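Q: Give me a 3D structure for the following:
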Amino acid sequence: MTIDLAVIGGSGLYAFEGLENTERQQVDTPFGAPSGDVVTGSFRGKRLAFLARHGESHTVPPHRVNYRANLWALHALGAQRVVAVNAVGGIRDDMGPRALVVPDQIIDYTHGRYTSFNDVEGAEVRHIDFSEPYTESLRQAIVAAARAEGLAIIDGGVHGVTQGPRLETRAEIARMNRDGCDLVGMTGMPEAALARELGLDFACLALVANFAAGAGDAVEISIEEIFEHLAAATANVPPILGRLLDTL
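A: Predicted structure coming up:
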C-alpha cells in the first residue's frame, strides 16, 4: 500500500475531515496496540493515513500514549512522511491562541516514556543524529502550503515537551522561557525521535490553544477556551495538508 502522507491528530483532531473511501486498519505491532485504528482513504486525489494520538474519544493521556506502536503502525502501512498535529501553549508573545507554528527544535522534559525502538531485549543499540529533530524539507513544505492558502503561519520555534497531563506552573513556564522554549506541549516526544529511528520524514504542525501559565496575557487558563481556540485552529488543518499533498 502506498501512503502519500500520514497524519497524527492531537487534542481536538480525532478524525480527518474530507477523507473519502475510508478503511479502518487494525495494525498489530511488536510494541503493543496503537492508540486506535489507522484510518486510510483518499484526500485531494492522494492516499492519506490518519491516526488519533489520544484515541478517537480522547481516552489516552499524553504520558500513556504508545508512541512506539503508533509510529510503527504508520510505517508498517507504508508511510514515509508524517505530519504530527500538536495542541500547544504559547510562551513567546507572538504565539498566542489560534496561531499556527511549524517548530524547528525540541527540548524534552518528559520522563518514564519508552523513547526508542532499541529499548527491547536483544535489540541493536543505534544512535540517531537528532541535531535537527524535524525534516526541514517537510517543514518548509507545510509553511509554503499554509501561506498558499492565505494563512498566517510562524516558521520555526522551540517546542518544549512536558510530561502532562496537568498543565504547567508559572515557575515551570518561566524556566522553559529561560531555556529558550517558544511553545509547550505534552506529546512532541518521543514521537519525533521514534520517527527518526524509522527513517521517516517528520514535521510538526502546532496549533496554539492558549498562552501558557504566566505568558502573554494569560491570567487564568480556561479549559473551555482552550478547546474553543483549538476548534478554530483545527479547521485550518485539512486545507493546509490538502495543499501540501498537491505538492508531493
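Q: Would you mind listing where the chain has pLDDT under the threshold?
A: Counting by pLDDT under 70, the ranges of the chain that qualify are 1, 218-219.
Q: now the helices for it?
A: 67-76, 136-148, 170-179, 191-197, 223-234, 237-247 (DSSP state H).
Q: and D104, what does it touch?
A: 132-134, 136, 139, 155-158 (CB atoms under 8 Å, 6 or more residues apart in numbering). To be clear about C-beta, it is placed using only N, CA and C from the backbone, and glycine gets the same treatment.
Q: Point to the residue nearest the middle of the chain.
A: Nearest to the mean C-alpha position of the chain, by CA atoms, centre = their mean, lies A84 at 3.0 Å.
Q: what are the ranges of the strands in the chain?
A: 5-9, 20-25, 38-43, 46-52, 81-90, 100-102, 105-108, 154-155, 158-161, 183-185, 201-211 (DSSP state E).
Q: Which strands border the shortest one, and is each parallel or antiparallel?
A: For strand 154-155, the paired strands and their directions (DSSP bridges) read strand 100-102 (parallel).
Q: Can you give the distance of the partner strand from its chain's centre?
A: 11 Å (CA atoms, centre = their mean, to the nearest Å).
Q: got the contact list for it?
A: Residues outside strand 100-102 that contact it (CB under 8 Å, 6+ apart): 88, 95, 134, 139, 142-143, 146, 151-157, 182-183, 203-208, 233, 236, 240.
Q: Same check on stretch 53-65?
A: Contacts for stretch 53-65 (CB under 8 Å, 6+ apart): 8-11, 14-15, 35-36, 66, 70, 84, 110, 112-113, 163-165, 186-187.
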